[in-house]
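> What shape does this take:
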Amino acid sequence: MTDLQKDYSDTFGILREMVFLNHAGVAPISGKAADAIRGYAKQAETIAYVDAGWYTRAVQVKRAAARLINADSHREIAFVPNTSTGLSLVANGLDYEPGDNVVITDVEYPANRYPWENLKRLGVELIEVRQDPDGRINVKDVCDAVTDRTRVVSISHVQFASGHRIDLKPISDMAHLAGGYLCVDAIQSVGVLPVDVQAMGIDFLAADGHKWMLGPEGAGIFYCRQDLCQMLHPAVVGWMNMVDAENYGDYRFQFQPDARRFEPGSWNIPGIYGLGASIDLLLDVGIDNVWQQVDALTSRFCEGAAKKGYEIFSPRTDPNERSGIVIFSAPERVGGPEGHRKIVHGLEQQKIIIALREGRLRVSPHFYNTVEQIDKVVDALP
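Just a heads-up that it's a prediction; the model follows:
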């Protein structure tokens with residue numbers, strides 16, 4: 001195991017309550033996030049916004065988010081309430097002509113399907129790349145689906161129901177060669193895996209903070225490459241999109257030149273406070289260290305579960321295809337949809353939290369989980 005195997009119970013109170021292995025769902029917030037939200041509430045109660053520094057802190061959080069994904073500047077980061085909004089900013093912000101297409105896969109989380117399917121009303125075709133039987137998305141298949149009419153390839157960095165992590169750079173290269181863009185649903189990777197938007201060639205990225213970033217729901221990030229900001233038309237227009245926004249009586253219809261153009265109104269300050277505290281924690285630990293620990297924990301789980309006859313569905317042979325998600329199935333004697341539901345329920349009665357997704361079982365530990373917890377889950381599997 002790594003040198004990160006230490007007691008985080010002061011930072012993550014959930015360690016004292018249960019074995020929580022569903023960070024791919026709705027994760028517990030960190031203790032630092034809880035403290036930050038409480039601090040906001042105290043300020044709001046006692047001094048309102050006077051000398052509170054809320055918006056100064058919000059810009060600091062943008063800077064931290066930019067560091068987390070290696071964006072060139074915090075000006076490429078906008079706050080969004082969820083991943084769906086971020087993806088919709090791209091889907092609804094580009095110009096299309098009938099016959100244009102968008103490439104996705106046939107196993108995307110609905111947040112990364114419906115915004116694109118909605119474009120059919122404009123004559124935009126949706127091209128689906130099929131998942132292989134082994135749970136992988138073949139990079140060549142995605143690249144082969146790109147045509148000279150492809151406006152966007154929109155794909156999850158990590159698939160929620162297989163745990164497969166895809167190599168984004170070749171897809172980006174192909175999309176750009178065709179004159180299109182790469183849009184990434186990164187909610188299952190940012191906060192647990194190293195994500196480098198520049199090295200990966202990502203044009204747009206969206207990720208809510210309530211999974212691997214260990215923040216509250218309703219506070220996420222949207223990344224737009226700086227040179228594309230003014231090309232993408234804001235899908236929602238309000239007062240904050242505009243330059244000189246605080247000059248209220250001067251109705252100057254001119255969008256901000258950077259990612260602020262995608263923020264139409266007041267920020268979710270308590271959510272941003274919580275998100276920022278957890279991002280700071282992840283940066284302090286180091287995202288490479290976070291991933292090293294998670295990879296070790298998931299590998300230990302796979303080894304133990306396989307010895308008990310459980311089948312691991314998530315691609316694990318290539319380390320570059322692994323993620324924080326492990327999808328697996330029970331042996332035939334206890335498996336099947338009803339058997340899997342019983343397993344999830346039975347574990348919950350023992351204060352062990354995993355998930356059921358698309359008919360299979362899913363575990364998703366984070367860096368603060370312990371070896372002892374992983375072994376406890378394996379021992380508890382029927």
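> Quick check on Asp258: phi, psi?
Main-chain torsions, Asp258, degrees, to the nearest 10: phi -130, psi -160.
> Pretty sure it sits against Glu76.
Yes. At 7.0 Å, Asp258 counts as touching Glu76 under the criterion of CB atoms under 8 Å. Using the backbone N, CA and C atoms, a C-beta is placed for each residue, glycine as well.
> neighbour count winner among the two?
For Asp258 versus Glu76, neighbours defined as other CB atoms under 10 Å are more numerous around Glu76 (24 against 17).
> Just to check, that one is in contact with Phe222?
No. Checked against CB under 8 Å, the pair Glu76 and Phe222 is beyond contact range at 9.2 Å.
> Need the overlap of contacts for Asp258 and Glu76.
Gln226, Cys229 (CB atoms under 8 Å, 6 or more residues apart in numbering).
> low-scoring pLDDT stretches of the chain, where are they?
For the chain, the stretches flagged by pLDDT under 70 are 1-5.
> how does it divide up, domain by domain?
The chain breaks down into these structural domains: 13-21+286-380, 33-284 (assignment by automatic domain parsing).
> Those domains: which one's closest to Ala27?
Between Ala27 and these, the shortest gap by CB to CB is with domain 33-284, which sits at 5.4 Å.
> For that closest one, measure first residue to last.
In domain 33-284, first residue to last residue: 14 Å (CA to CA, to the nearest Å).
> Now for Glu76 and Phe222: what residues contact both?
Joint contacts of Glu76 and Phe222 (CB under 8 Å, 6+ apart) are Ala259.
> With distance to Ala27 as new columns, can the domains of the chain be given to me in a markdown table?
Formatted as a markdown table, these follow (distance: least, CB to CB, whole Å):
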| stretch | distance to Ala27 |
| --- | --- |
| domain 13-21+286-380 | 7 |
| domain 33-284 | 5 |
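> Tell me which of the ones you listed sits nearest to Lys6.
It is, among the domains of the chain and with distance given as CB to CB, domain 13-21+286-380, at 9.0 Å.
> Next, the distance between the ends of that closest one.
Note: domain 13-21+286-380 ends 22 Å apart using CA to CA.
> Quick check: Val146 touching Gly180?
Yes. Using CB under 8 Å, Val146 is in contact with Gly180, at 7.0 Å.
> neighbour count winner among the two?
In terms of neighbours (other CB under 10 Å), Gly180 is the more surrounded of Val146 and Gly180; the figures are 24 against 21.
> How about that one: what's its closest non-neighbour residue?
Thr150 (4.4 Å; CB to CB, 6 or more residues apart in numbering).
> can you give me phi and psi for the one you found?
phi -80, psi 120.
> ok, what's across the strand from it?
Asn101 (DSSP bridges).
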